[in-house]
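[1] Predicted model and sequence below, questions to follow.
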Amino acid sequence: LSTLINEKDGLEVIDWLEQQLEEIKKKANHVEKIGHNIKEDFDWFLEEYERRKEGKTTKVFPSRFPSLNKILGGGYSSGNMITWFGRSGRGKSIIVLEEAIEAAMNGATVLYWGLEMPRYELFTRAYSSISARRGIFTATIDGIDYECGFPQKEILMAKMSEQFYRGFKQFVQTIDQQMKGTIIFRCIDDPEFVRRDCKQLEADIRQTGANVVVVDPVYLMTMERNTSQTAGGDVAATSKKLRSMAGNLNVILHVITQAEEVDDQYNKETGERELRIPTRKEMKKSKHLLEDASLTVGLDSIDGRGIIVPRKGRFGG
């Protein structure tokens, strides 16, 4: 141990100690009964049914999008990993933030790992979206009236009028009256947010008691070691760890990944980009995240139009 301490840094020593502790636990955990017998353990099943009916074990939080709720049978269920994919700059973060806010509005504690956006920008987007749900203002676009919130760009640049700012200040100070749950952001500009691997994510989930977790984007996490020595082995190991974590901790885990840019998304005659979600072949580096997820959702947007398409789900395509 003394040799290890002298040769390795602090985090590696902690990892080694955690591994040794897990081995000790395995050896000490002598289980007299293995598994559950379908012919004998019906009492457990019926009790679990009642617990689920009362929302004590499996929790369901709705999507912001009615079509997804219809497909999912009411919303996202705990214990599942959902992978969102799209090309760069197509609105992945905005869409998944909407899902995080929707869960928080319905009572969830959401842990949001923002590995790309600074904290102020994420707060800005969230405050603007939440205020839009209240319909604080009305905007007319193409002759249609829309309920909207405080202007995101003016909040981001700190250029709201004094009248707007007074209303905005009152809004953020009373947000607890509108949101049953909450969102806990950990962002790239947080000084204490140094470790960004699966072990830290698990520790954060346990400490916050999160029901819903977002990792945006997953490829900026510190990947697991590539013990298989194969191409993409680090991503595969991380994906497997995340999928297992969602089940073991009984959380809804949203992970965001990116598709590659390809030529066939452009119209050959006009050269203009078309609205089209990525295919599996455009997900070379992230295919394991698609395979391990309970649900995969592709998205694309262009000129104010967008499309969200559920691809693979546990209960059908």
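    Received it, and whenever you're ready, just let me know what you need. Numbers count the residues shown, from 1 in each chain.
[2] mind listing what's buried in whichever strand or helix holds Val235?
    Element membership for Val235, per DSSP states H and E: helix 233-249. The neighbour-count check on helix 233-249 (16 or more other Cβ atoms under 10 Å) flags 233-239, 241-243, 245-246, 249 as buried. Backbone N, C-alpha and C define where each C-beta goes, glycine included.
[3] list the helices and strands it packs on?
    strand 81-86, helix 198-208, strand 252-258, helix 287-292 (3 or more Cβ pairs under 8 Å, 6 or more residues apart in numbering; DSSP states H and E).
[4] returning to that earlier point: ok, so of the buried residues of helix 233-249, who is nearest Gly181?
    Nearest to Gly181, judged by Cβ to Cβ, of the buried residues of helix 233-249 is Leu249 at 16.8 Å.
[5] give the contact list for that closest one.
    Neighbour list for Leu249: Glu202, Ile205, Arg206 [criterion: Cβ atoms under 8 Å, 6 or more residues apart in numbering].
[6] most neighbours, which of those residues?
    Ile205 (22 neighbours; other Cβ atoms under 10 Å).
[7] That residue touches Ile252, doesn't it?
    No. Taking contacts as Cβ atoms under 8 Å, Ile205 lies outside contact range of Ile252: 11.1 Å.
[8] Mutual contacts of those two, please.
    Jointly contacting Ile205 and Ile252 under the rule Cβ under 8 Å, 6+ apart are Val213.
[9] Make JSON lines out of the contacts of Leu249 and add pLDDT and distance to Thr58.
    Putting the contacts of Leu249 into JSON lines (pLDDT from 0 to 100; distance: Cβ to Cβ, whole Å) gives the following:
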{"residue": "Glu202", "pLDDT": "97", "distance to Thr58": "20"}
{"residue": "Ile205", "pLDDT": "98", "distance to Thr58": "17"}
{"residue": "Arg206", "pLDDT": "97", "distance to Thr58": "19"}
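[10] Which secondary structure state does Ser301 sit in?
    The three-state label given to Ser301 by DSSP: H, G, I helix; E, B strand; the rest coil is strand.
[11] From Asn106, how far off is it?
    Taking Cβ to Cβ, to the nearest Å as the criterion, Ser301 is separated from Asn106 by 25 Å.
[12] Give me the pLDDT for Lys8.
    pLDDT recorded at Lys8 is 61.
[13] where along the stretch 51-200 of the chain do the helices fall?
    Here the stretch 51-200 of the chain has its helices, by DSSP state H, counting those that start in this stretch, at 66-72, 92-105, 119-133, 152-156, 162-173, 198-208.
[14] what's the most buried one of these?
    Greatest average neighbour count among the helices of the stretch 51-200 of the chain goes to helix 92-105 (a mean of 22), per mean count of other Cβ atoms under 10 Å.
[15] and the angle for it with helix 119-133?
    Helix 92-105 runs at 60 degrees relative to helix 119-133, counting by axes from the mean of the first three to the mean of the last three Cα atoms, to 10 degrees.
[16] Make TSV from the helices of the stretch 51-200 of the chain and add distance to Glu269 to it.
    Shown next, in TSV, are those (distance: least, Cβ to Cβ, whole Å):
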stretch	distance to Glu269
helix 66-72	31
helix 92-105	29
helix 119-133	37
helix 152-156	35
helix 162-173	46
helix 198-208	46
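[17] quick one: which of the ones you listed is nearest Gln258?
    Gln258 lies closest, by Cβ to Cβ, to one member of these: helix 92-105, at 7.7 Å.
[18] any idea how far the closest one is from the chain center?
    The chain centroid and the centroid of helix 92-105 are separated by 9 Å under Cα atoms, centre = their mean, to the nearest Å.
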